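Undergrad: only geometry, no sequence info:
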């Protein structure tokens with residue numbers, strides 16, 4: 001969003017909420033996840049009919065639900081542990097649900113317990129938060145609606161559910177197309193695709209900029225690669241290569257940002273080479289094509305390199321791309337040490353995140369309590385809702401209610417839109433499906449596509465789920481009336497209303513309250529990076545420390561912009577403060593690009609250093625002061641500190657220092673527009689350089 005954009009109103013919020021409904025990216029389709037989920041569901045269903053053992057259906061349902069819980073961060077080194085925990089706790093939750101279903105007080109008490117437990121699983125990250133959902137579903141969706149509440153029946157169903165989890169684990173280990181590093185390779189490929197699209201963005205949605213998309217892809221690739229490291233040295237060579245390619249993508253991003261500062265078009269072969277690297281990581285690029293492209297890049301980069309400017313940047317970009325192709329083709333070894341085995345975690349280390357979050361100020365702790373209370377109220381409504389569809393009320397609450405109020409609103413919109421469209425399609429299909437075989441065929445197609453699109457579009461996934469559930473309910477319960485669709489839609493609406501009310505009234509956490517802290521962190525890290533850059537232009541710098549400062553500043557800015565995007569969908573808030581924060585975020589992004597341009601030109605600038613010390617001291621101090629509430633420095637003071645040889649815009653250094661000064665002024669004015677209580681308000685701020693994740 002440009003700095004002079006109008007304050008976000010309800011139209012902008014509606015546009016942002018609707019934008020996610022239309023996302024479709026063929027490169028992010030979860031083919032492997034969809035395939036193993038479908039096998040895990042259909043094999044027990046077919047065996048149940050073939051062997052006349054209806055109880056095997058519970059194995060398929062358990063495998064299906066736990067595969068949904070495993071849809072986040074598929075393939076990291078904790079995946080087997082998550083699946084084992086999901087299977088065991090899910091089986092236990094199902095057993096207790098069967099027993100508690102005998103009376104309403106027991107059902108509510110059980111939901112409070114399981115809601116609190118599963119809500120707290122978010123302290124271990126988004127993947128564990130996602131895995132907590134099938135555990136809650138096992139209690140509310142599978143256990144409570146039953147009519148047989150005997151102890152033997154409870155343990156029997158719980159064991160079958162856990163067996164389904166074992167089936168999902170076996171399929172996960174067996175179906176690993178692309179090897180154990182398949183997910184990391186896909187994410188590294190996403191980095192290069194994002195870099196290729198950086199020059200020709202399709203248009204940012206709200207506050208999210210093209211720079212944020214690239215940085216987010218790189219940060220996610222680093223996180224996934226670090227999680228995959230260490231199990232055994234023999235398997236770490238591939239990950240070693242991925243780590244090098246991620247760092248090269250990061251350097252390319254920095255060079256590209258500096259290139260864009262000059263308003264230039266993409267260098268020859270840049271987009272083609274970046275997309276070729278992504279395709280090679282995905283196993284889709286012929287070696288001959290890659291070698292031809294590499295030869296062309298080497299030939300073009302072999303020419304004379306100017307001191308600095310866009311020609312030098314273009315030359316360095318070509319060399320980086322060529323080096324990446326050399327590594328992919330095995331012509332060059334990545335210059336990184338092998339990863340060492342990760343140390344085993346002690347019990348105290350495992351419990352530490354949980355203990356640290358047992359505090360009222362913890363977002364996860366408040367969410368867990370809110371989740372338990374609202375889900376318990378949903379169980380009360382389920383108790384009087386027409387059977388057998390009442391379980392959709394608590395189920396809807398569990399999937400819509402999120403730690404932040406804005407996320408809850410977005411998920412409610414996605415759930416309602418996907419459910420409504422899917423039910424209408426499912427009901428329209430039923431007259432065309434007179435036999436169970438046809439119904440099961442449509443279910444297989446719908447559920448396959450549900451899992452394929454789940455990694456990137458929740459509303460589309462719910463559309464396929466809802467369309468498939470209509471015939472699936474008829475497969476499980478022959479002779480079921482056509483009212484299953486309207487009743488499910490009614491239950492979903494009630495659950496969504498409960499989640500929205502609970503998310504906004506019971507100890508709500510609003511993303512906008514974190515913005516002041518994130519803004520302070522971004523300003524502070526940008527000031528530190530500016531100090532390194534201006535030192536480098538004078539020939540004094542620690543390359544490793546400067547690179548770390550650049551990464552930290554970039555990640556803090558990305559966290560700010562991502563949180564700002566989510567905050568813009570929240571109900572309430574001060575439009576003026578939001579507008580000023582958007583302007584500050586834009587100014588920080590522009591500062592980052594200018595500093596990157598100076599950093600890339602620093603080796604050439606250092607050969608004829610200007611007397612930058614007065615300006616460096618004044619600029620870094622003034623920028624840091626913006627984040628601490630210190631008296632605001634005027635741009636006149638900064639311009640007075642410029643060296644004589646860097647005044648005006650007739651030199652590269654002069655242009656870039658003038659841009660820094662103007663961007664500082666934009667940031668200063670944006671922060672001045674924020675009311676002091678807003679900017680100084682305490683917020684839950686992550687440590688500098690840490691990626692923000694949301695359960």
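TA: That came through fine. Quantities reported herein were computed from a predicted structural model and do not represent experimental measurements.
Undergrad: count of neighbours near residue 47?
TA: Applying the criterion other CB atoms under 10 Å, we find 15 residues in the vicinity of residue 47. For the C-beta atoms, the positions are set from N, CA and C on the backbone; glycine is no exception.
Undergrad: which residues touch residue 114?
TA: For residue 114, the contacting residues are 93, 96, 135-136, 139, 372, by CB atoms under 8 Å, 6 or more residues apart in numbering.
Undergrad: show me the helices in the stretch 101-250 of the chain, by range?
TA: Taking DSSP state H, counting those that start in this stretch to define them, one finds helices in the stretch 101-250 of the chain at 104-120, 126-137, 151-174, 182-198, 210-228, 236-261.
Undergrad: flag every buried residue along the longest helix along the chain.
TA: In the chain, with assignment by DSSP state H, the single longest helix is helix 575-607. By neighbour count, with 16 or more other CB atoms under 10 Å as the criterion, the buried positions of helix 575-607 are 577-602, 604-606.
Undergrad: what's around residue 484, how many residues?
TA: For residue 484, the neighbour count with other CB under 10 Å is 22.
Undergrad: I figured it was touching residue 473, is that so?
TA: Yes. With contact taken as CB atoms under 8 Å, residue 484 and residue 473 are classed as touching, separated by 5.1 Å.
Undergrad: right, and residue 111 touches residue 373 too?
TA: No. Here residue 111 lies out of contact with residue 373, judged by CB under 8 Å, at a distance of 9.3 Å.
Undergrad: list the contacts of residue 628.
TA: With the criterion set at CB under 8 Å, 6+ apart, residue 628 makes contact with 520, 524.
Undergrad: residue 444 is nearest to which of the helices of the stretch 101-250 of the chain?
TA: For these, proximity to residue 444 was assessed by CB to CB; helix 151-174 is nearest, at 15.5 Å.
Undergrad: mind checking the pLDDT average for the closest one?
TA: Along helix 151-174, the predicted confidence averages to a pLDDT of 92.
Undergrad: residues in contact with it?
TA: Contacts of helix 151-174 (CB under 8 Å, 6+ apart): 36-37, 39-40, 43-44, 55-56, 58-67, 70, 79-80, 83-84, 86-88, 90-92, 94-96, 98-99, 138, 142-143, 146.
Undergrad: buried among those? Make that a PyMOL selection.
TA: To isolate the buried ones among the contacts of helix 151-174 in PyMOL, judged by 16+ other CB under 10 Å, type:
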select buried, resi 36+37+39+40+43+44+56+58+59+60+61+62+63+64+65+66+67+70+79+83+86+87+90+91+92+94+95+96+98+99+138+142+143+146
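Undergrad: so which of the contacts of helix 151-174 belong to helices?
TA: Assignment to helices by DSSP H places the following of these there: 36-37, 39-40, 43-44, 56, 58-67, 79-80, 83-84, 86-88, 90-92, 94-96, 98-99.
Undergrad: sorry, back to before: of the contacts of residue 114, which is the most crowded?
TA: Going through those with other CB under 10 Å as the criterion, the one with the most neighbours is residue 139, at 33 neighbours.
Undergrad: in the stretch 151-300 of the chain, what spans have low per-residue confidence?
TA: Flagging of the stretch 151-300 of the chain using pLDDT under 70 yields the residue ranges 176-182, 199-210, 223-239, 257-266, 300.
Undergrad: common neighbours of residue 484 and residue 473, please.
TA: None of the residues lies in contact with both residue 484 and residue 473 under the rule CB under 8 Å, 6+ apart.
Undergrad: residue 581 contacts residue 519, correct?
TA: Yes. Assessed by CB under 8 Å, residue 581 is found in contact with residue 519 at 6.5 Å.
Undergrad: neighbour count winner among residue 111 and residue 373?
TA: The neighbour comparison of residue 111 against residue 373 (other CB under 10 Å) goes to residue 111, with 30 against 17.
Undergrad: ok, now which ones touch the more buried one?
TA: Under the criterion of CB under 8 Å, 6+ apart, the contact list for residue 111 reads 139-140, 372, 375-376, 378-379, 394.
Undergrad: format the residues you listed as TSV; extra columns: distance to residue 526, pLDDT and secondary structure.
TA: Compiled in TSV, these are given as follows (distance: CB to CB, whole Å; pLDDT from 0 to 100; DSSP: H, G, I helix; E, B strand; the rest coil):
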residue	distance to residue 526	pLDDT	secondary structure
139	47	96	helix
140	47	93	helix
372	41	96	helix
375	42	96	helix
376	46	96	helix
378	45	96	helix
379	49	95	helix
394	46	94	helix
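Undergrad: ranking those residues by neighbours, who comes first?
TA: The most crowded member of those is residue 139, carrying 33 neighbours; neighbours defined as other CB under 10 Å.
Undergrad: so what's it up against?
TA: Contacts of residue 139 by CB under 8 Å, 6+ apart are 93-94, 96-97, 100, 110-111, 114.
Undergrad: that concludes my questions; thank you for your assistance.
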